[in-house]
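K.L.:
Sequence unavailable; structure follows:
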């Protein structure tokens, strides 16, 4: 038994996750390469390895002839009889090759073949390991800055956090541990190239999946997420179990769960709202903490007109339009926000033209009585919403709506005078 070779293969398999089968193939190829370098050709060379004892035998198949013309491929009958008394002309005889007889160059080439195979397999193992973690969150250690990019050690491989994937204002120190989202794993001749991110919305989603047990077991589902990295994130969740509060499960006792995620994101604010199949209710939830008077959603056009109290207009819009912008991304609707005063000043706008009517959601308007109580009973209590001004529905104008209103579409937000 070749104990030294056995121990070496066991160590390589344990430390580098390289299977023994691959290592045996590397040894076989290295011996064939050494024979080719030593004899000039190796077409008739065979290698047999006992995988239990690691003993190996290298031999050449030679034809028994009377007169030898090619010493590599042929052997004389006299020499063949020294190996086997039964040898006859025309037989193929296995002639053992002593690896110790190889020259220095042949031995060095055989060694290089084994090392090259080990390096290739090591890169392949690392690539496969991190390719399985693509689109997932891992913990890394900050190593150094490379220009404006950051090199992060993930254990067996290094990742690159590009400047475009860094959150503005975040500064890291060497040896600091951070969580990153693996964007892509590329296989290159120099090994796997791993690109990670701190700005991707999926980072927040994966952090919640790891922190909230109910999300991990499927009781609570994350339906939509909108993020402006470093500033604010909106998350819409729903529960598949009526006895479980989706928002409460994500927040945790005294905010323990969400606070741990906020700490990991360096203080980024997180709004968690309930998902609703009704677009009007969903938009109202998405615009929280602002109070909403009315929502007129068009599911076909994916547009919505929202009316808020005058004193809530700036809150609904948010700083530099952030609240409205995130709400639009979260819901997938183009959201147009007006205050009550702006809505009253518009001419000819009819509420019934923008009512979203189905079995669960209905808004109606009575010209004499104002908004009916049952229309807003769900959101504003048993008394419903009562228009103190008694505004007339005919004062709303669809054509003039965009002139004085606030229009928002994804990343574009404009207030037109």
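P.N.:
Perfect, thanks for sending it. Given the structure is predicted, the values throughout are model-derived calculations rather than measurements.
K.L.:
all contacts plus neighbour counts: C-alpha atoms, from now on.
P.N.:
Will do.
K.L.:
can you map out the helices along the stretch 101-250 of the chain?
P.N.:
104-131, 201-211, 213-216, 246-251 (DSSP state H, counting those that start in this stretch).
K.L.:
Each with direction, which strands does the helix or strand containing residue 306 pair with?
P.N.:
If you go by DSSP states H and E, residue 306 is part of strand 303-308. According to DSSP bridges, strand 303-308 forms sheet pairs with strand 294-298 (antiparallel), strand 334-339 (parallel).
K.L.:
after that strand comes which helix or strand?
P.N.:
As assigned by DSSP H and E, the chain's next helix or strand after strand 303-308 is helix 313-317.
K.L.:
now for the very next helix or strand once past that next one, which elements pack on it?
P.N.:
Using DSSP H and E, the helix or strand that follows helix 313-317 towards the C-terminus is helix 322-331. Applying 3 or more Cα pairs under 8 Å, 6 or more residues apart in numbering; DSSP states H and E, we find helix 322-331 packed against strand 220-228, strand 232-239, helix 279-286, helix 313-317, strand 334-339, strand 406-409.
K.L.:
burial measure for the residue nearest to residue 219 when sequence neighbours are not counted, as a count.
P.N.:
Nearest non-adjacent residue to residue 219, counting by Cα to Cα, 6 or more residues apart in numbering: residue 240, 5.4 Å away. As a burial measure, residue 240 scores 13 neighbours (other Cα atoms under 10 Å).
K.L.:
Throw the helices of the stretch 101-250 of the chain into JSON lines and include mean neighbour count and mean pLDDT, thanks.
P.N.:
Putting those into JSON lines (neighbours: other Cα atoms under 10 Å; pLDDT from 0 to 100) gives the following:
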{"stretch": "helix 104-131", "mean neighbour count": "17", "mean pLDDT": "84"}
{"stretch": "helix 201-211", "mean neighbour count": "20", "mean pLDDT": "94"}
{"stretch": "helix 213-216", "mean neighbour count": "17", "mean pLDDT": "92"}
{"stretch": "helix 246-251", "mean neighbour count": "20", "mean pLDDT": "94"}
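K.L.:
Which residue lies nearest the spatial centre of the chain?
P.N.:
In the chain, the residue lying closest to the centroid (Cα atoms, centre = their mean) is residue 135, at 1.4 Å.
K.L.:
if I pick that one, what's in contact with it?
P.N.:
181-184, 202 (Cα atoms under 8 Å, 6 or more residues apart in numbering).
K.L.:
Give me the buried subset of the residues you listed.
P.N.:
Applying 16 or more other Cα atoms under 10 Å to the contacts of residue 135, the neighbour count classes 181-183, 202 as buried.
K.L.:
Which ones among these map onto strands?
P.N.:
Residues of the buried ones among the contacts of residue 135 located in strands (DSSP state E): 181-183.
K.L.:
ok, those residues vs residue 47, which is closest?
P.N.:
Of all those, residue 182 has the smallest distance to residue 47: 43.3 Å, by Cα to Cα.
K.L.:
Name the residues linked to the closest one by a beta bridge.
P.N.:
residue 196.
K.L.:
buried ones in the helix or strand hosting residue 63?
P.N.:
According to DSSP H and E, residue 63 maps onto strand 56-65. Under the neighbour-count criterion of 16+ other Cα under 10 Å, strand 56-65 has 58-65 buried.
K.L.:
distance of residue 212 from residue 251?
P.N.:
Using Cα to Cα, to the nearest Å, one obtains 9 Å as the distance from residue 212 to residue 251.
K.L.:
Need the distance between the two termini of stretch 78-88.
P.N.:
10 Å.
K.L.:
gap between it and the chain center?
P.N.:
Counting by Cα atoms, centre = their mean, to the nearest Å, stretch 78-88 is centred 67 Å from the centre of its parent chain.
K.L.:
For that stretch, what does the pLDDT average out to?
P.N.:
Averaging pLDDT along stretch 78-88 gives 77.
K.L.:
Residue ranges in the stretch 251-400 of the chain under the pLDDT threshold?
P.N.:
Counting by pLDDT under 70, the stretch 251-400 of the chain shows low-confidence ranges at 346-400.
K.L.:
can you put the helices of the stretch 101-250 of the chain in TSV and add distance to residue 159?
P.N.:
Formatted as TSV, these follow (distance: least, Cα to Cα, whole Å):
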stretch	distance to residue 159
helix 104-131	10
helix 201-211	16
helix 213-216	27
helix 246-251	30
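K.L.:
Which of these sits closest to residue 95?
P.N.:
Residue 95 lies closest to helix 104-131 among those, at 19.1 Å (Cα to Cα).
K.L.:
now for that closest one, which elements pack on it?
P.N.:
The contact analysis (3+ Cα pairs under 8 Å, 6+ apart) places helix 104-131 against helix 20-39, strand 177-188, strand 191-197.
K.L.:
and the angle from the shortest one to helix 201-211?
P.N.:
Translated: strand 191-197. Orientation of strand 191-197 against helix 201-211 (axes from the mean of the first three to the mean of the last three Cα atoms, to 10 degrees) gives an angle of 90 degrees.
K.L.:
buried ones in strand 191-197?
P.N.:
Those would be 191-197, for strand 191-197 by 16+ other Cα under 10 Å.
K.L.:
just stretch 132-141 next, same as before
P.N.:
Buried residues in stretch 132-141, counting neighbours by 16+ other Cα under 10 Å, are found at 133-138, 140-141.
K.L.:
Do me a favour and get the end-to-end distance for it?
P.N.:
End-to-end distance of stretch 132-141: 20 Å, with Cα to Cα as the criterion.
K.L.:
Kindly provide the whole-number mean pLDDT of it.
P.N.:
Here the average pLDDT along stretch 132-141 is 93.
K.L.:
cool, and stretch 33-47?
P.N.:
Confidence over stretch 33-47 (mean pLDDT, whole number) is 74.
K.L.:
now do stretch 166-173
P.N.:
Averaged across stretch 166-173, pLDDT comes to 90.
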